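Visitor: mind looking at a prediction? Sequence and model below.
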Amino acid sequence: MDGIMDNYQWILINLLWINILLGVILVFFERRNPTSTWLWLMVLTFLPGIGFILYLFLGQDLSKKKMFKIKELEDECFRSIALEQKEAIQNNDFYFKDPNYQRYEDIVKMFLMNSESYFTQDNRVDLFFTGEEKFQALLESINRAEEYIHMQYYIFKSDGIGMKVLEALTKKAKEGVEVKLLVDGMGGRNLSRRALKALKEAGGDVAIFFPPFVPFFTVRINYRNHRKICIIDGKEAYVGGFNIGDEYLGRSKKFGHWQDTHIRIRGSAVSSLQWRFYLDWRFASKNELKACKSYLPAVESSDSVGIQVVSSGPDSRWPSIKDGYLKMITNARDKVYIMTPYFIPDDSILEALRVAGLSGVDVRVMIPNKPDHIFVYWASLSYIGELLPAGVRFYTYDKGFLHSKVILSDDFISSVGTANLDIRSFQLNFEVNAFIYDEAINLKLTERFIKDLEDCTEITEEIYQNRSNIVKIKESISRLLSPIL
């Protein structure tokens, strides 16, 4: 009996020292946001054993600078245009084709300064709201590729549509087209190694972003590459919310219909997505793409949609996409429409939405009624109560699962991409969004938002106040965890 007690005390003492060590690291080495630091200190204090395991999965930030040092090295052949535009704007020598741009010059300038996201005014944008539309267009683009296909996805599954895409890539690789596929190590854990082997044997290249230590298992939940990009011959590119899997075609028994938003770009903005892929590929594969100028062909376009492709992640100096969301909300005079699967705003976004609502701006937020991450869903509900009295209107999408990441500000600027309106997208994931300056695109997205409202239930103050005590408790607990969700 005494031996058992001695072993028990030995375990407790060691857990205590581990907690103290992690606490020191949190406070003195990681320099996190104070709220996040206090949260982890509480988790480690009150859940000494479980807290350590949770930290391994969700909190590790020990080698961030070392991990991303290589990603700080930019390539001059992709940066030159952004640097020229920065100099032109600083010298007040920048030309906007559309006078509407003048009102948003501050946003254009901000993106150039905080992420070197250069501004193009010659693009065509096609919108996709269903998986059928998006995958049909993507496969057609792959099949007509002549020079190269560069593709990266967070989730890539070896199911029906996943195998169709892999077979199309393998076919093009056999024809001599350069094929490079980049998949996140956690999101792509269900991707068939046999299918990847066939692609490699055909001449394609595959890289895994932060691969798991052992197959199908990873403890690194943070720092996931959440981007979804495909570039074809430098002439067209895809970006948005759809991953690759049958559920994105509405074939999931759990979620049913899948509502999402993706875009195809033709024009000079394609090179911005090529630059993004280049940097991620170099980091994951440890190999550079040779002769990068060959990936930037001359683009002929008669269209005039303005676009800035903006990236952010834990390697970024500034939270560029969040800054863009913040500017869109604070600059709005008439409307702010938001579609997001996860609504966990930080204090700055929360205050901006509150002020916009109180100022008479028509602020509407659409979230799913069917959650895929239950704690995130309850945390989202907790923030709604703070904004309803300010005039912000909330809706739950009832037809299926809402996965769109769309923000509309007034009638000219829109954002479509991979970043949710949550702290994880702002701080922990690698994301990419297209900020679009165009009245016609904004109108199409607005019409889609209004159409989707037909399949929504509005959360009124009365409905919100009548929720059960159990739901309130779940919200409160999830709200405490929101910095790490």
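Guide: Perfect, I can see it now. Keep in mind the model is a prediction, meaning the values are calculated, not measured.

Visitor: tell me the SS of residue 188?
Guide: Here residue 188 is coil, with the state taken from DSSP: H, G, I helix; E, B strand; the rest coil.

Visitor: my guess is it contacts residue 207, does it?
Guide: No. Using CB atoms under 8 Å, residue 188 is not in contact with residue 207; the gap is 10.5 Å. No exception for glycine: its C-beta is placed from N, CA and C like everyone else's.

Visitor: okay, those two: which has more neighbours?
Guide: The residue with more neighbours, out of residue 188 and residue 207, is residue 188; 27 against 18, by other CB atoms under 10 Å.

Visitor: so the residue nearest to the more buried one when sequence neighbours are not counted bridges to which residues?
Guide: Residue nearest to residue 188 in three dimensions, not counting chain neighbours: residue 156, with 4.8 Å by CB to CB, 6 or more residues apart in numbering. Per DSSP bridges, the residues bridged to residue 156 are residue 244.

Visitor: tell me how far residue 156 lies from residue 243.
Guide: 7 Å (CB to CB, to the nearest Å).

Visitor: find the residues that touch each one of these two.
Guide: residue 187 (CB atoms under 8 Å, 6 or more residues apart in numbering).

Visitor: quick one, which of the two is more surrounded?
Guide: Neighbours per residue (other CB under 10 Å) separate residue 156 from residue 243, with residue 156 holding more: 27 against 22.

Visitor: so who does the more buried one touch?
Guide: Taking CB under 8 Å, 6+ apart, one finds 162, 165, 181, 183, 187, 188, 191, 243, 244, 245 in contact with residue 156.

Visitor: same check, this time on residue 281
Guide: 150, 152, 180, 182, 207, 287, 289.

Visitor: let me know the closest of the residues you listed to residue 115.
Guide: Closest approach to residue 115 among those (CB to CB): residue 152, at 18.2 Å.

Visitor: what residues are up against the closest residue to residue 243 other than its chain neighbours?
Guide: Among residues not flanking residue 243 along the chain, residue 155 sits closest, at 3.7 Å (CB to CB, 6+ apart). If you count contacts by CB under 8 Å, 6+ apart, residue 155 has them with 184, 187, 188, 243, 244, 245.

Visitor: now do the third one, the pLDDT please.
Guide: Listed pLDDT for residue 188 reads 90.

Visitor: could you shift the numbering so residue one becomes 24, and keep it that way?
Guide: Renumbered: residue one is now 24, and that last one reads residue 211.

Visitor: what about it, distance to residue 276?
Guide: 22 Å.

Visitor: any stretches of the chain with poor pLDDT?
Guide: 24-118, 236-243, 312-317, 321, 323-325, 394-398, 497-508 (pLDDT under 70).

Visitor: again, only using 80
Guide: Within the chain, the segments meeting pLDDT under 80 span 24-125, 235-245, 311-325, 393-401, 490-508.

Visitor: domains for it, by residue range?
Guide: 25-85, 144-327, 343-507 (automatic domain parsing).

Visitor: reformat the ones you listed as CSV; add distance to residue 126.
Guide: Listed next are the domains of the chain as CSV, based on distance: least, CB to CB, whole Å:
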stretch, distance to residue 126
domain 25-85, 33
domain 144-327, 15
domain 343-507, 8
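
Visitor: now the contacts of residue 178 as TSV including distance to residue 141?
Guide: Shown next, in TSV, are those (distance: CB to CB, whole Å):
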residue	distance to residue 141
207	26
210	29
211	30
266	27
267	29
268	33
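
Visitor: tell me which of the residues you listed is nearest to residue 298?
Guide: Of those, the one sitting nearest to residue 298 (CB to CB) turns out to be residue 207, at 19.1 Å.

Visitor: residues near that closest one, how many?
Guide: 28.

Visitor: same question for residue 212.
Guide: 18.

Visitor: residue 420 too?
Guide: 23.

Visitor: list the contacts of it.
Guide: 282, 389, 390, 391, 392, 475, 478, 479.

Visitor: what comes up buried for the helix or strand in which the second one is found?
Guide: Same thing as residue 389. In this assignment (DSSP states H and E), residue 389 forms part of strand 385-391. Residues of strand 385-391 classed as buried: 386, 387, 388, 389, 390, 391 (neighbour count, 16 or more other CB atoms under 10 Å).

Visitor: can you list the strands that that strand pairs with?
Guide: In the sheet, strand 385-391 lines up with strand 358-362 (parallel), strand 416-420 (parallel) (DSSP bridges).

Visitor: now the first one, how far from the chain's geometric center?
Guide: Distance of strand 358-362 from its chain centroid, counting by CA atoms, centre = their mean, to the nearest Å, is 17 Å.

Visitor: list of residues touching it?
Guide: 284, 351-352, 376, 379, 384-389, 425, 427-434, 444, 468-469, 472, 475.

Visitor: just the endpoints, please. Distance across stretch 347-365?
Guide: 18 Å (CA to CA, to the nearest Å).

Visitor: leaving out the residues flanking it, which one is nearest to residue 413?
Guide: Nearest to residue 413 is residue 380, by CB to CB, 6+ apart, at 3.9 Å.

Visitor: look at that neighbour and tell me its secondary structure.
Guide: Once three-state DSSP is applied, residue 380 turns out helix.

Visitor: how about it, what does it touch?
Guide: 386, 410, 413, 414, 415.

Visitor: who touches the second one in this structure?
Guide: Meaning residue 410. So residue 410 contacts 373, 376, 377, 380, 386, 388, 417 (CB under 8 Å, 6+ apart).

Visitor: same for the helix or strand hosting residue 475, what does it pack against?
Guide: Using DSSP H and E, residue 475 maps to helix 462-476. Contact here means 3 or more CB pairs under 8 Å, 6 or more residues apart in numbering; DSSP states H and E; on that basis helix 462-476 packs against strand 142-151, strand 358-362, strand 385-391, strand 429-432, strand 436-440.

Visitor: any chance you could map the strands in the stretch 124-273 of the chain?
Guide: 142-151, 171-176, 201-207, 228-232, 252-255, 259-263 (DSSP state E, counting those that start in this stretch).

Visitor: coming back round to it: from residue 268, how far off is the residue nearest to residue 266?
Guide: 6 Å.

Visitor: kindly report the same for residue 441.
Guide: 15 Å.

Visitor: out of these two, which sits in the more crowded spot?
Guide: More crowded of residue 441 and residue 268, by other CB under 10 Å: residue 441, with 27 against 23.

Visitor: list the contacts of the more buried one.
Guide: 177, 249, 250, 251, 262, 263, 264, 428, 448, 454, 455, 456.

Visitor: now do residue 130
Guide: 347, 350, 351, 354, 436, 458.

Visitor: ok, now with 6 Å
Guide: residue 350 (CB atoms under 6 Å, 6 or more residues apart in numbering).

Visitor: next: residue 289.
Guide: 147, 259.

Visitor: and residue 269, how close does it get to residue 369?
Guide: Counting by CB to CB, the gap from residue 269 to residue 369 is 34 Å.

Visitor: shouldn't residue 455 be in contact with residue 250?
Guide: Yes. With contact defined as CB atoms under 6 Å, residue 455 reaches residue 250; the gap is 4.7 Å.

Visitor: direction-wise, compare the next helix-or-strand element following the strand holding residue 389 with strand 416-420 and give the angle.
Guide: Sequence-wise, the next helix or strand downstream of strand 385-391 (DSSP H and E) is helix 397-410. Put simply, helix 397-410 runs at 150 degrees to strand 416-420, going by axes from the mean of the first three to the mean of the last three CA atoms, to 10 degrees.

Visitor: appreciated, that's everything.
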